[in-house]
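1. Could you look at this predicted model? Sequence included:
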Amino acid sequence: MPDHVQPDPDADGAAEIRIPDVSDGLIDRSVYTDPALYRVELQRIFARAWNFMCHETQIPNAGDYFINYIGEDQVIVVRGEDGTVHVLMNTCRHRGNALCRAELGNTKAFVCSYHGWTYGLDGKLIGIPGKADFYRDRIDQADWGLVPAARVDHYKGFYFATLDPQAPSLFDYLGDVGRVGMESMLAYGDVVVLDGVQKNVIDCNWKIAVDNLFDWYHVKVSHNSASRVGFLNQAAMMPMTQMVMLGELGHAIGGPMVTREEQAKIDALSDEERLAIDRLPDAERPKVAPTLRRPLRSTATKAAMGPVGVRASGHPNIFPNLWISTRGMQMSLRLPRGPAATEIWWFTVMPKSFTPEQRRAAKKFIIHSFGPAGLLEQDDGENWSQSTMAGRGVASRRYPHNMQMAMGQDEVMVDATGQKAIETRVNEHAQRWTYRCWAEWLRARDWPELMQTRSPSPTGRV
Ligand code: FES
Ligand code: FE
């Protein structure tokens with residue numbers, strides 16, 4: 001069995017590339033177009049980070065597998081005979097053929113379609129056709145197993161993997177803000193992730209798809225058609241009551257917030273009263289106060305999210321590319337496919353406690369929101385694509401993107417529990433934070449250096 005992958009920090013010329021200064025909120029367009037920078041992102045961000053793989057309910061039984069990516073490395077996430085979840089490079093050790101072609105399924109072993117090398121669920125090479133006749137028994141099978149991720153772990157059933165053995169634990173990696181983000185999917189208790197991940201490719205840089213998830217400035221304009229047909233309630237977008245949480249290593253949450261006064265009313269509800277409101281049919285929900293139409297977190301979730309996090313009802317991004325959306329019922333990966341292409345995946349996260357009627361309503365809402373057939377991301381995709389392409393021109397690329405909204409004009413509030421947040425109006429704090437952390441990831445040669453040089457979660461004026 002080979003050792004885990006050991007990323008080589010200088011393999012792609014990281015030492016020679018110029019990493020633009022983004023501290024003034026002006027983003028050099030090369031960050032979206034430069035192929036050399038892109039190679040370093042794969043090496044120093046994706047191969048180093050904890051990447052979301054799948055939820056435990058997607059692979060409940062031994063032999064269940066799901067195909068995902070770490071950057072551009074395709075991996076098989078598979079449950080072994082003993083229940084352990086393995087993450088293995090989906091590339092045969094003989095001549096590199098992809099072993100597994102289906103997106104998900106169940107198997108007893110992985111058989112290569114080229115010459116028939118066969119691997120067990122734990123990645124061990126268990127069969128070589130012609131081992132005695134052609135190799136004359138001069139090959140040690142133990143040396144030629146599938147390459148595993150350095151570490152695999154989960155947060156409450158959500159599995160992640162990293163290729164870097166020096167990465168901190170997943171719990172520490174997520175930190176307070178990342179964990180608040182993950183908890184936002186557990187507002188109604190345990191969840192199941194449904195089969196049928198929606199996938200499509202948009203010709204844009206992956207970071208544009210990421211920074212847009214914090215962007216509540218575009219909603220009124222880009223998604224005007226969705227509100228004109230009555231799908232979006234523009235008034236509910238709350239541009240003047242926004243909260244931003246900035247977490248170390250680039251995790252962030254940005255978007256509407258529940259005010260303290262509103263939260264006090266929610267806190268006065270018992271879990272039973274909360275459940276009764278949650279279960280109201282759509283037609284009756286408008287009769288409930290607007291605050292109570294949002295996900296009403298259970299007592300357990302409130303405790304896990306903390307007094308500030310529980311009021312954040314915007315969009316979390318788990319750095320680098322996992323977006324949690326749609327009241328915690330959709331998750332999206334923005335998978336890099338070259339500097340100017342991003343594969344977008346949409347997972348549906350369904351609370352186990354939902355009644356059949358709630359499930360139907362949630363699915364309908366989800367299908368109409370994001371994903372290739374949704375009303376929202378079609379509008380977004382065109383804009384992201386044009387924003388990326390316009391960075392290619394020799395003249396246009398000299399003019400940076402402006403990400404300066406509200407820079408230096410807001411204050412980070414620190415709660416008695418230590419949780420930090422900015423309470424403000426529509427802004428670009430989380431976008432700037434994302435790019436600042438992105439630059440820190442690229443500059444650091446390895447995890448120890450990144451942990452030493454990363455910005456602490458900001459306090460004071462931002
Ligand atoms: Fe897989 Fe040859 S490439 S067995
Ligand atoms: Fe949008």
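-> Nice, thanks for sending it over. Residues are numbered from 1 along each chain as shown. Ligands and ions are numbered 1, 2, ... in the order given.

2. Asp172 and Phe319, how far apart?
-> Distance, Asp172 to Phe319, using C-beta to C-beta, to the nearest Å: 13 Å. C-beta coordinates here come from the backbone N, C-alpha and C atoms, glycine included.

3. and if you look at Leu296?
-> Taking C-beta to C-beta, one finds Leu296 at 28 Å from Phe319.

4. Neighbour count: these two, which is higher?
-> Phe319 (25 against 20; other C-beta atoms under 10 Å).

5. what's in contact with the helix or strand of the chain with the lowest mean pLDDT?
-> The weakest-scoring helix or strand in the chain, judged by mean pLDDT, DSSP states H and E, is helix 271-278 (a mean of 84). Residues outside helix 271-278 that contact it (C-beta atoms under 8 Å, 6 or more residues apart in numbering): 188, 266, 269, 288, 292, 295-296, 298-299, 353, 358.

6. if we go to 10 Å?
-> 187-189, 266, 269-270, 284-285, 288-289, 292-293, 295-300, 302, 351, 353-355, 358 (C-beta atoms under 10 Å, 6 or more residues apart in numbering).

7. Now list the buried members of those residues.
-> Burial by neighbour count, 16 or more other C-beta atoms under 10 Å: within the contacts of helix 271-278 this picks out 187-188, 266, 292-293, 295-298, 302, 351, 354, 358.

8. In a markdown table, list those residues along with secondary structure.
-> Listed next are those as a markdown table, based on DSSP: H, G, I helix; E, B strand; the rest coil:
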| residue | secondary structure |
| --- | --- |
| Ala187 | coil |
| Tyr188 | coil |
| Ile266 | helix |
| Leu292 | helix |
| Arg293 | helix |
| Pro295 | coil |
| Leu296 | coil |
| Arg297 | coil |
| Ser298 | coil |
| Lys302 | helix |
| Pro351 | strand |
| Phe354 | coil |
| Gln358 | helix |
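
9. In terms of pLDDT, where does the residue sitting nearest the centre point of the chain sit?
-> Residue closest to the average C-alpha location in the chain (C-alpha atoms, centre = their mean): Leu322, at 0.5 Å. You'll see Leu322 listed with a pLDDT of 98.

10. Please report how far it lies from Leu146.
-> Taking C-beta to C-beta, one finds Leu322 at 24 Å from Leu146.

11. can you list the weak-confidence ranges in the stretch 201-350 of the chain?
-> Counting by pLDDT under 70, the ranges of the stretch 201-350 of the chain that qualify are 282, 285-286, 290-291, 293.

12. Right, and ligand 1 sits closest to which residue of it?
-> Arg337 (23.6 Å; C-beta to the nearest ligand atom).

13. give me the number of residues near that residue?
-> Arg337, neighbours per other C-beta under 10 Å, totals 15.

14. Compute the distance between it and Gln431, please.
-> Taking C-beta to C-beta, one finds Arg337 at 22 Å from Gln431.

15. so what's Ser184 up against?
-> Here Ser184 is in contact with 253, 295, 297, 301, 305, 309-310, 312-316, 324-325, 327-329, 349 (C-beta under 10 Å, 6+ apart).

16. one more time with 7 Å
-> By C-beta atoms under 7 Å, 6 or more residues apart in numbering, the contact list for Ser184 reads 316, 324, 328.

17. just Ala149 next, same as before
-> By C-beta under 7 Å, 6+ apart, the neighbours of Ala149 are 4, 75, 87, 161-163.

18. Just the ones in strands from those, please.
-> 75, 87, 161-162 (DSSP state E).

19. Write out the residues of the stretch 101-250 of the chain neighbouring ligand 1.
-> For the stretch 101-250 of the chain, the contact set with ligand 1 under C-beta under 6 Å from any ligand atom comprises 112, 114-117.

20. One more pass at 5 Å, please.
-> 112, 114-115, 117 (C-beta under 5 Å from any ligand atom).

21. Just the buried residues of those residues.
-> Of those, these count as buried by 16+ other C-beta under 10 Å: 112, 117.

22. Mind listing the strands whichever strand or helix holds Val201 pairs with, and their directions?
-> Using DSSP states H and E, Val201 falls within strand 198-202. Partners of strand 198-202 in the sheet, by DSSP bridges, are strand 342-351 (antiparallel).

23. For stretch 66-82, buried residues please.
-> 66-71, 73, 75-79.

24. Of the residues you listed, which pair is most distant in space?
-> Gly71 and Arg79 (23.2 Å; C-beta to C-beta).

25. Where do the helices of the stretch 301-450 of the chain begin and end?
-> Residue ranges of the helices in the stretch 301-450 of the chain, as given by DSSP state H, counting those that start in this stretch, are 356-369, 375-389, 429-443, 447-453.

26. ranking the ones you listed by burial, who's on top?
-> helix 429-443 (a mean of 22; mean count of other C-beta atoms under 10 Å).

27. who are the neighbours of it, in terms of helices and strands?
-> Other helices and strands packing on helix 429-443, by 3 or more C-beta pairs under 7 Å, 6 or more residues apart in numbering; DSSP states H and E, are helix 206-211, strand 242-246, strand 252-256, helix 447-453.

28. chain center to the first one: distance?
-> Just to be clear, that refers to helix 206-211. Chain-centre distance of helix 206-211: 11 Å, with C-alpha atoms, centre = their mean, to the nearest Å.

29. Other residues contacting the helix or strand that that helix is followed by?
-> Downstream of helix 206-211, the next assigned helix or strand under DSSP H and E is helix 219-222. Applying C-beta under 7 Å, 6+ apart, the contact partners of helix 219-222 are 234, 237, 379-380, 383.

30. pretty sure Val78 is in a helix, no?
-> No. Val78: not assigned to a helix; according to three-state DSSP it is strand.
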